[in-house]
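A.B. asks: I need the structure of the sequence given here:
(chains A, B, C and D)
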There are 2 protein chains.
Amino acid sequence: MSPEDERPDLAAMLAPLLRALIAVELPVLAEHDVSMWGYSVLTTLDDTPVRTQAALADAIGADKSRIIGTLDELQDAGLIERTPDPNDRRVRLLSITPKGRRVRRSVRKDIRVHENRILEALPPADRQAFLRSIRNLYDAR
Amino acid sequence: MSPEDERPDLAAMLAPLLRALIAVELPVLAEHDVSMWGYSVLTTLDDTPVRTQAALADAIGADKSRIIGTLDELQDAGLIERTPDPNDRRVRLLSITPKGRRVRRSVRKDIRVHENRILEALPPADRQAFLRSIRNLYDAR
DNA sequence: TATTGTTATACTCTATAACTATA
DNA sequence: TATAGTTATAGAGTATAACAATA
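C.D. replies: Sure thing, here's the model as predicted:
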């Protein structure tokens, strides 16, 4: 095996990194009284409005039955709204509230601080290439 | 928020990437009849021999009680050995067998093929910087 | 008959705490 | 009393299937 390949597997390196990111995010989310799934929902609704719960579930890679509790919590907290669709009474139209938008952006700002602290370990040039690369891989998904 | 910061959260981008990596690795592992934890154990024992099961569990970020089933399977398959330590009869000394080493390296080779296929989406310069960066973040952990 | 949202059930992981045998 | 390995129990998270209302 060539020296270049003498490195841990990609997944073996990414998993601890992701765990570390989640570990610093959880307290931030707790401060704002939202769960990880809740924040994921707020982010999706803020960036790319979706009509139905099924479409939302699909967008965040979850099962439609799995997000119901999350939606209940977000609705109770006044962060999203579920209004019956008059054109198709099976559907409940989803939307983020102004309060939900404020929470989402506030959480994101706090998370960015932690992310930047972690990324500071990288030389600036590599840092840019790293961000460009995961963005690239993420978009190509 | 500045344009540079208009990107998904790091964790939001890394999570799907890790999921994709795991998705391609699982069939490879299944072909070689080892679990994800089993492969993790083989990797650790091959690279950095550890004496006790507790030390191994610590090295792979698991609880000592969680790896026992994995060790049983690996031992039954002849991939590792557990020999009682004559100096401390509470301890069972761990070692990877030649067969275990062959399996580990065979799996790694197959995984690399899939990893490289995914990384081909990146321009070569970025690809190097990306690998250097996650290695950097991983080692600084 | 198919689809939306919901609820219920079962299954997998994981964390924790007990237990034994040694020290 | 403390530690290594093991087993047992309980909890969280998830997937799947069934269900009622509507199309």
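
A.B. asks: Mind pulling up the pLDDT for the nearest residue in space to A:Leu14 that is not next to it in sequence?
C.D. replies: Using CB to CB, 6 or more residues apart in numbering or on different chains and skipping the chain neighbours, the partner closest in space to A:Leu14 is B:Leu18 (4.9 Å). All C-beta spots, glycine's among them, are computed from the backbone N, C-alpha and C. In this model, B:Leu18 is scored at 94, pLDDT.

A.B. asks: would you put the C-alpha positions of the helix or strand hosting B:Leu18 in CSV?
C.D. replies: Using DSSP states H and E, B:Leu18 sits within helix B:10-31. Included here for helix B:10-31 are C-alpha records, laid out as CSV according to Å, rounded to 0.1, in the frame of the first residue of the first chain:
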residue,chain,number,x,y,z
LEU,B,10,-20.9,21.8,8.7
ALA,B,11,-22.8,18.9,10.4
ALA,B,12,-25.6,19.1,7.9
MET,B,13,-23.1,18.6,5.1
LEU,B,14,-21.0,16.0,6.8
ALA,B,15,-23.8,13.8,7.9
PRO,B,16,-25.1,12.9,4.4
LEU,B,17,-21.5,12.3,3.3
LEU,B,18,-20.8,10.0,6.2
ARG,B,19,-24.1,8.2,5.6
ALA,B,20,-23.2,7.7,1.9
LEU,B,21,-19.8,6.3,2.9
ILE,B,22,-21.3,3.9,5.3
ALA,B,23,-23.9,2.9,2.7
VAL,B,24,-21.1,1.8,0.3
GLU,B,25,-19.1,0.2,3.0
LEU,B,26,-21.8,-2.1,4.5
PRO,B,27,-22.0,-4.3,1.4
VAL,B,28,-18.2,-4.6,1.4
LEU,B,29,-18.1,-5.6,5.0
ALA,B,30,-20.9,-8.1,4.5
GLU,B,31,-18.9,-9.7,1.7
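
A.B. asks: which parts of chain A sit against DNA strand D?
C.D. replies: For chain A, the contact set with DNA strand D under CB under 7 Å from any atom of the strand comprises A:37, A:62-63, A:65-66, A:88-90.

A.B. asks: repeat that for 6 Å
C.D. replies: Applying CB under 6 Å from any atom of the strand, we find that chain A lies next to DNA strand D at A:63, A:65-66, A:88-90.

A.B. asks: Specify the next element, helix or strand, located C-terminal of the helix holding B:Leu18.
C.D. replies: Helix B:10-31 is succeeded, C-terminally, by helix B:36-47 (DSSP H and E).

A.B. asks: does DNA strand C sit close to that following helix?
C.D. replies: No. Judged by CB under 6 Å from any atom of the strand, helix B:36-47 makes no contact with DNA strand C; its nearest approach is 7.0 Å.

A.B. asks: What segments of chain A are helices?
C.D. replies: Assigned by DSSP state H, chain A shows helices spanning A:10-31, A:36-47, A:53-59, A:68-76, A:98-119, A:124-139.

A.B. asks: deepest of those, which one?
C.D. replies: helix A:36-47 (a mean of 21; mean count of other CB atoms under 10 Å in any protein chain shown).

A.B. asks: Without its sequence neighbours, what residue ends up closest to A:Arg127?
C.D. replies: That would be A:Leu119: by CB to CB, 6+ apart, it lies 5.3 Å from A:Arg127.
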